[in-house]
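1. here's my sequence, what's the structure:
(chains A and B)
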Number of protein chains: 2
Amino acid sequence: MLTILNSVKRVIVGRALRNDRLSHTLLPKRIALPIFASDALSSVAYAPDEIFLTLALAGVSAVALSPWVGLAVMLVLLTVVASYRQNVHAYPSGGGDYEIATENLGRFAGLTVASALLVDYVLTVAVSMSSAATYLTTAIPSLHGTQAIVAVVGVLILALVNLRGIREAGTVFAVPTYLFMISILGMTAVGIVQWLTGTLRPSQSADFTIVPVPEFDQGLVGLAGGFLLLRAFSSGAAALTGVEAISNGVPNFRPPKSRNAATTLLMLGAVAASMLAGIIFLANATRVHVVQDPATELLQDGRPLAADYIQTPVIGQIADSVFGAGSIAFYIVVAATGVILVFASNTAFNGFPVLGSILAQDGYLPRQLRTRGDRLAFSNGVLALAAGAIILIVAFDADVTRLIQLYIVGVFVSFTASQLGMIRHWTRELKRVKDRGVRVRMQRSRVINTIGFAMTATVLVIVLITKFEHGAWIALLAMFALFLIMWSIHAHYANVARELAVGDDVSARALPSRVHAVLLVSHIRKPVLRALAYARASRPSRLDAVTVDISAEETAQTVADWEKLGIPVPLTVLASPYRETITPLMDYIRNIHRESPRDLIVVYIPEYVVGKWWEQLVHNQTALRIKARLHFEPGVMVASVPWQLKSSEEARRLQEL
Amino acid sequence: MLTILNSVKRVIVGRALRNDRLSHTLLPKRIALPIFASDALSSVAYAPDEIFLTLALAGVSAVALSPWVGLAVMLVLLTVVASYRQNVHAYPSGGGDYEIATENLGRFAGLTVASALLVDYVLTVAVSMSSAATYLTTAIPSLHGTQAIVAVVGVLILALVNLRGIREAGTVFAVPTYLFMISILGMTAVGIVQWLTGTLRPSQSADFTIVPVPEFDQGLVGLAGGFLLLRAFSSGAAALTGVEAISNGVPNFRPPKSRNAATTLLMLGAVAASMLAGIIFLANATRVHVVQDPATELLQDGRPLAADYIQTPVIGQIADSVFGAGSIAFYIVVAATGVILVFASNTAFNGFPVLGSILAQDGYLPRQLRTRGDRLAFSNGVLALAAGAIILIVAFDADVTRLIQLYIVGVFVSFTASQLGMIRHWTRELKRVKDRGVRVRMQRSRVINTIGFAMTATVLVIVLITKFEHGAWIALLAMFALFLIMWSIHAHYANVARELAVGDDVSARALPSRVHAVLLVSHIRKPVLRALAYARASRPSRLDAVTVDISAEETAQTVADWEKLGIPVPLTVLASPYRETITPLMDYIRNIHRESPRDLIVVYIPEYVVGKWWEQLVHNQTALRIKARLHFEPGVMVASVPWQLKSSEEARRLQEL
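-> Predicted structure coming up:
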């Protein structure tokens, strides 16, 4: 089974590639920015839409508040950037939020952050690919209605590409990211010039009237109004996801690493904030109207819209106003946005397995996943991430607005924990450092991180309150489940380590007095002869061959064949009144152990090495069951003597690939 | 995983029981009859219905031909009984049709019969349980419409009971079978007396008018009419299934075995024929009208029936006429019929695994299934049979009429092959035997088997022609698939046997010159110490300990711990530039093999024996992958040194149960 799966995998996925290539080349800022920025920048593709359509629930007067909401988001964004610049200086090792939280706040906080980050990686893929699918339907309207399929196919392709291994050349990332930055910022510039000269056309949805939902027919008033404003803000805060990426990547920067990373972070913040500001400004200037449900919330000339009306995302509508719907510039903007969203998903495909291997290294995930260089860990991570994202996309029908309700909780859990950790970090450092200049700088950093903590904690509370019932509970539940699983694995490993620690107990070190070899014989064939030869070569104190008498006829044949070999090893025939293999054998082995408990019993089992999965079904099954049972016996060691069938050669070649 | 499954299995299925109990007690005829007869007798519960409703397609005048069809079925039945009486005398070993066909006609014919029988066992369960469900709804009309669910639940219960193991006390079988025989034959007797005295009431469906389907609005005329008559006959031939059961059971009879078995067979034939005749007679006498689709084929006073009309099976309608619908006698008849159908299914649950183990013994199924005493083979057979039957029941919505189209093909394939085999058998024997008296008896037997062959072959052709497009093709396809699978397995085993035969090739017997032991070390814990102790106890020519350097920190710790132990075995650290375990290790092992190809390399791998399935996921994964890869290396033997974690003790106890 494994071999066939492996062959299929090889054909589709190709030769194993080394995934640590990235770490061998140090990146200049101009390459590092696009590599680490795609996730953070791409959120500008959906964050403004979410602000607008949430506010639109309370009608057009509420939408007028969108610049203020945008401003609040930018404020938080810049605060977080400022805070992470401190992280970068304090942890040039690239310790992510998980390490900062673990080191400063303890294992519990660290694992909470890890759970949050894992869930958020999954959501990054789900949200980004769903949004990318929306942009694809903007470019090709005939695809409308198939976003979920498009997004799932996108995730599958991305997973496959990652399983195959990407040689992450910085330039591959640089081109689309820069194209995206240029096209959005360029569009903003052109739009502002048009606005100043009075030539900016209104958007395709400018003439629509927004019908507020019944709950808000009085507009944004009272507690509910304030609540809606906060909800719009927390949806807009999706623009902050991915900001932490640079702080994980410090070791990849050219020296001076920390300074370069901090500068890049600042550049990222500036670009992201400008884009957000530009989009929100132009959306207001062109009177873009986007709502959650166009069929009920929009009117044109007092009548509901045509049934086939497809709502274009904000960036698409602005590009339409600025450049015209059919123009090349329009398609460049939409395509660049779609591509950057795919690259943002890809960031998650890189980050998720790495975090997984760090967690495995710390004993929170199965230990075999810890070697990052090993393809197993990486592949499992990629597959788990893709599966999670696909489940979410299908469950929420690739609806970005609904998915975004689950998003950000995780990011802000990790932001908040990380900032709190940094405050602790500086406080600890301040106790140690005496140099006045350094202390002043540290105190300044601590103030910044404290502001960052206050800000992110506030946003976290807002997000929890406004989104809990809209879907955040699902994300929290997933985090909690992951937390429990990882905590249990860690506790289990700790228990085992205690159980197995080499202490004064000498029983494990005791040398067995003698070696009693037992060779399992069924038919006399080459594998049995090889096992016999190996057993004899090991020169045991005593060597017995045994066969279980299941069929009198076969046993007679076996005994006759054995005698014909003329080997000075006696063949014991074990009676099996119920024509059963395992019980007589176990009784025999236990008997030996009872008689001389200090002996080591080595059971030699000839095994067929087969090439095809179904061959495994017709061979070795009894051997496997015997081995499984023998493992429970004290003082028994199982020696598998493999015999490679001809068919195994091909399987071997496939494994070598 | 296995352990948890095992525990669940133990709880549900209970302690393993010995299934060969049956063969330890020899049966008198009065117990043997009910044990082997339930399958054959039970078909009277649905065979008459199928004759009537098939004829009804051509209207009421066609139904009048039912006695003739019944007579033809009885004729075939008695011929088959007479033929199998010869089998019983010739093969007192209980060789079933599979053995008779294999021995006399060769492997190809034998495997064809085996495939046919396997498919037919599945159909026996599907048809009998579906029919039983119909009888249950006759007793409890509110269950109407849920037959498929009832039948599936019935199969599941039967599977569970069989997995748990039945102590097949003859009396358990005797009571319901005799009750069934008495109730049906008693009802017939009472009915005939009532008919003679003119007190037999007409059936509940006596006043209905049958509307022939458009194709037959002219009645039973022409080729199509003859064809329909033959179809009715082949459906009625379902009454013959199970007749062969006694011939498989000869060894279980009291001596003189063959004679007693032959007598029992004759009794069975007489009872089955009487029942069939009685039911068909009374159905005509009470003017029972059953059709395939009551909604379109029946009229009452010229109008279609009420939508909620539920068609009662023929036996139910007769019992209603003879005893009255609410009477105790009515319920006894219906209940006895339902129960006998369940017992008929159970016959298949006994026969299927036995045939499977015989086929495994002959190398047509995976060899590990061949030990009948082993629960594995038996359980797998029970599960496969139940799964097949459930698929059929669900696919055909427990509709006996549609299922019966698939049935009988297999039975008649095996009847025909068996009779042909018997002709060959007698011809061969006649060449050998000189005694005149014996020769006369043999010639008589050969004549009977020849008649049997001609008859069953004719029926087989009729069944194939009339039922092929109605569903028999599915059964044939399944047989063909089974045939191919079993043929391939046999060919594979033959190839392997040739490849592994002990010939002049001495390579397998060559004693390796020296033993080079390699101990895999990760952390220095008790399991490693035990593996080291075992390796040293085996006194290899050379012993190396190796560890793969995945994390510099961990490796340093390992080396330090190793040195602290003060053991005179060097620890080799293998570099792993890509933080990967297997490649460096394989390179190291291959290097040893290249340097001294005549050495035996024994790789000692410490293994954790765990108790819970998820523990297997977090331990040993790397060890398993290393073992799998090492098995492909020539000259390498893998020695697993188990360390039983505390949690394994419970798992061990469960395995002991």
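
2. okay, CA-based contacts and neighbour counts for the rest of this
-> OK.

3. okay, domains of chain A per the record?
-> As given by automatic domain parsing, the domain ranges for chain A are A:18-490, A:515-656.

4. taking those together, which one is wrapped up most tightly?
-> Highest mean neighbour count of the domains of chain A: domain A:18-490, a mean of 21 (counted as mean count of other CA atoms under 10 Å in any protein chain shown).

5. how far away from the center of its chain is that one?
-> Relative to the centre of its chain, domain A:18-490 is centred 15 Å away, using CA atoms, centre = their mean, to the nearest Å.

6. tell me the centre residue of chain A?
-> Residue closest to the mean C-alpha point of chain A, counted by CA atoms, centre = their mean, is A:Phe352 at 3.0 Å.

7. quick check: it touching A:Leu385?
-> Yes - A:Phe352 is within contact range of A:Leu385, at 7.2 Å (criterion: CA atoms under 8 Å).

8. format the domains of chain A as JSON lines; extra columns: distance to B:His289.
-> Listed next are these as JSON lines, based on distance: least, CA to CA, whole Å:
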{"stretch": "domain A:18-490", "distance to B:His289": "53"}
{"stretch": "domain A:515-656", "distance to B:His289": "52"}
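
9. could I get these as JSON lines with mean pLDDT and distance to chain B?
-> What follows is the domains of chain A, written out as JSON lines (pLDDT from 0 to 100; distance: least, CA to the nearest CA, whole Å):
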{"stretch": "domain A:18-490", "mean pLDDT": "87", "distance to chain B": "4"}
{"stretch": "domain A:515-656", "mean pLDDT": "84", "distance to chain B": "4"}
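
10. what segments of chain A are strands?
-> A:209-210, A:298-300, A:303-304, A:515-520, A:542-549, A:571-575, A:600-609, A:636-644 (DSSP state E).

11. common neighbours of A:Phe352 and A:Leu385, please.
-> A:Tyr121 (CA atoms under 8 Å, 6 or more residues apart in numbering or on different chains).

12. quick one: contacts for the closest residue to A:Met129 other than its chain neighbours?
-> Nearest non-adjacent residue to A:Met129, counting by CA to CA, 6 or more residues apart in numbering or on different chains: A:Ala151, 5.2 Å away. Neighbouring residues of A:Ala151 by CA under 8 Å, 6+ apart: A:126, A:129-130, A:132-133, A:393, A:398.

13. also A:Asp120?
-> Counting by CA under 8 Å, 6+ apart, A:Asp120 touches A:407-408, A:410-411.

14. again with A:Phe415
-> A:97, A:453, A:456.

15. quick one: residues in contact with stretch A:203-211.
-> If you take CA under 8 Å, 6+ apart as the criterion, stretch A:203-211 is touched by A:56-57, A:59-60, A:286-291, A:296-302, A:317-318, A:320-321.

16. apologies, that question was intended for stretch A:442-456.
-> Contacts for stretch A:442-456 (CA under 8 Å, 6+ apart): A:76, A:79-80, A:82-83, A:86, A:412, A:415-417, A:419-420, A:422-423, A:426-427, A:430.

17. if you set the cut-off to 6 Å instead, what comes out?
-> A:79-80, A:83, A:86, A:416, A:419-420, A:423, A:426 (CA atoms under 6 Å, 6 or more residues apart in numbering or on different chains).

18. wait, which of the residues you listed is closest to B:Gly326?
-> A:Thr416 (76.6 Å; CA to CA).

19. quick one: the helices in the stretch 101-250 of chain A?
-> Ranges of helices in the stretch 101-250 of chain A, per DSSP state H, counting those that start in this stretch, are A:107-139, A:147-164, A:170-196, A:222-236, A:245-248.

20. return the alpha-carbon coordinates of the shortest one using CSV.
-> Put plainly, it is helix A:245-248. In CSV, the C-alpha atoms belonging to helix A:245-248 read as follows (Å, rounded to 0.1, in the frame of the first residue of the first chain):
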residue,chain,number,x,y,z
ALA,A,245,6.0,37.7,9.2
ILE,A,246,9.0,39.9,9.0
SER,A,247,9.8,39.4,12.7
ASN,A,248,10.1,35.6,12.0
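
21. on that earlier part again, closest to A:Arg530 out of the contacts of A:Asp120?
-> Looking across these and measuring by CA to CA, the closest to A:Arg530 is A:Gly410, at 58.2 Å.

22. quick one: residues contacting that closest one.
-> A:116-117, A:120.

23. could I get the residues you listed as JSON lines with distance to B:Asp549?
-> Formatted as JSON lines, those follow (distance: CA to CA, whole Å):
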{"residue": "A:Ala116", "distance to B:Asp549": "32"}
{"residue": "A:Leu117", "distance to B:Asp549": "29"}
{"residue": "A:Asp120", "distance to B:Asp549": "33"}
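
24. excluding its own residues, what touches stretch A:299-317? List them.
-> Counting by CA under 6 Å, 6+ apart, A:49, A:203, A:208-209 sit against stretch A:299-317.

25. that older thread, now the two most distant members of the contacts of A:Ala151.
-> It's A:Ala132 and A:Ile393 that sit farthest apart of these, by CA to CA, at 12.2 Å.

26. find residues that contact each of these two.
-> Counting by CA under 6 Å, 6+ apart, nothing touches both A:Ala132 and A:Ile393.

27. any idea how far the residue lying closest to A:Phe378 once chain neighbours are set aside lies from B:Leu624?
-> Leaving out its chain neighbours, the residue that sits closest to A:Phe378 by CA to CA, 6+ apart is A:Pro353, at 5.3 Å. The gap separating A:Pro353 from B:Leu624 is 22 Å, by CA to CA, to the nearest Å.

28. repeat that for A:Ala348.
-> Taken as CA to CA, the span from A:Ala348 to B:Leu624 is 30 Å.
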